[in-house]
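**Q** A structural model of the following input is requested.
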Amino acid sequence: MPTDPTAATPDSRRQASDAVLRAIAYVKAEAPEGTPQLPEAYRHLADQLPVTQPLGNGLVVSYLYDEGQVFSYVQQHHLSSLNTRVEALHELALINLGRLANGKLRIFHHGTIHGVMLDQQFEASVLLLDEFWEGPARQYTPHGAVAAVPSRGVLLFCDREAPDGIAELRGHLAKGVAAGGIELSAELFARNARGDWAVLPEVSSP
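**A** Predicted coordinates:
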């Protein structure tokens, strides 16, 4: 009886289990609208694409695992070989992100805004950590948080009712745009009561 070349083997399942168990939630920019789809001739490689979840605001969550010298992406075939759903991966990856941040994350202050320091890789991903926003960051954002994530290693924030802070955040983003240094987003994001982040519209002057 012929063997299915796509069937999971014990080795592939072990590798997949290792990737999923060590996955860390990682915020990235969403692919621009109009990005070409995988050509038909390469559709058989679709299971090698990274697993992602859109946040609905121009950002997506992907999942990295540390292979020692480099980080690799959790791919579709990792989930299929374990018959695991992306929701389960996401929950575990948030736990691992929290473990990474625990005891290492620091808050710094600059003028009317604040920021986080972690490892220059997962700062922007702290957007996803409810325990941070409802814990250490709460004293600085009693009316809700507004945040900027121009790059993976930068997360700046202020209180939603701090107009000077919001203006300072927009100024940082504008400088990044002018310098061509925006890796993730030039938008500001406001956190709602459910812990979701939505783009904060710029209010026009009367």
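**Q** If the spatially most central residue of the chain is in a bridge, with which residues?
**A** Note on the chain: the residue nearest the mean C-alpha position is V27, at 1.5 Å, using Cα atoms, centre = their mean. Per DSSP bridges, the residues bridged to V27 are V61.
**Q** what about it, distance to D11?
**A** Distance of V27 to D11, computed by Cβ to Cβ, to the nearest Å: 31 Å. In this view, the C-beta of every residue, glycine as well, is placed from N, C-alpha and C.
**Q** got it, and D159?
**A** From D159 over to D11 the distance is 51 Å, taken as Cβ to Cβ.
**Q** okay, these two: which has more neighbours?
**A** D159 (20 against 8; other Cβ atoms under 10 Å).
**Q** On the strand side of things, show who that one bridges to.
**A** Beta-bridge partners for D159, by DSSP bridges, are A145.
**Q** residue contacts, the residue nearest to the centre of the chain?
**A** The neighbourhood of V27, defined by Cβ atoms under 8 Å, 6 or more residues apart in numbering, consists of L55, L59, V60, V61, A124, S125, L127, L128, V149, R152, L184.
**Q** quick one, helices of this protein?
**A** All helices of the chain, identified by DSSP state H, fall at 10-21, 76-82, 86-101, 130-133, 163-179.
**Q** Pick the most buried one from those.
**A** Highest mean neighbour count of the helices of the chain: helix 76-82, a mean of 20 (counted as mean count of other Cβ atoms under 10 Å).
**Q** same for that helix, what does it pack against?
**A** For helix 76-82, the packing partners by 3 or more Cβ pairs under 8 Å, 6 or more residues apart in numbering; DSSP states H and E come out as helix 10-21.
**Q** L155 - how many residues pack around it?
**A** When neighbours are counted by other Cβ under 10 Å, L155 comes out with 25.
**Q** Quick check, pLDDT for the residue lying closest to F71 once chain neighbours are set aside.
**A** Nearest residue to F71, sequence neighbours excluded (Cβ to Cβ, 6 or more residues apart in numbering): L64, at 4.2 Å. L64 is assigned 98 on the pLDDT scale.
**Q** same for the helix or strand bottoming out on mean pLDDT in the chain, what does it pack against?
**A** Ranked by mean pLDDT, DSSP states H and E, the helix or strand of the chain with the weakest confidence is helix 10-21, at a mean of 90. Here helix 10-21 touches strand 59-66, helix 76-82, helix 86-101, going by 3+ Cβ pairs under 8 Å, 6+ apart.
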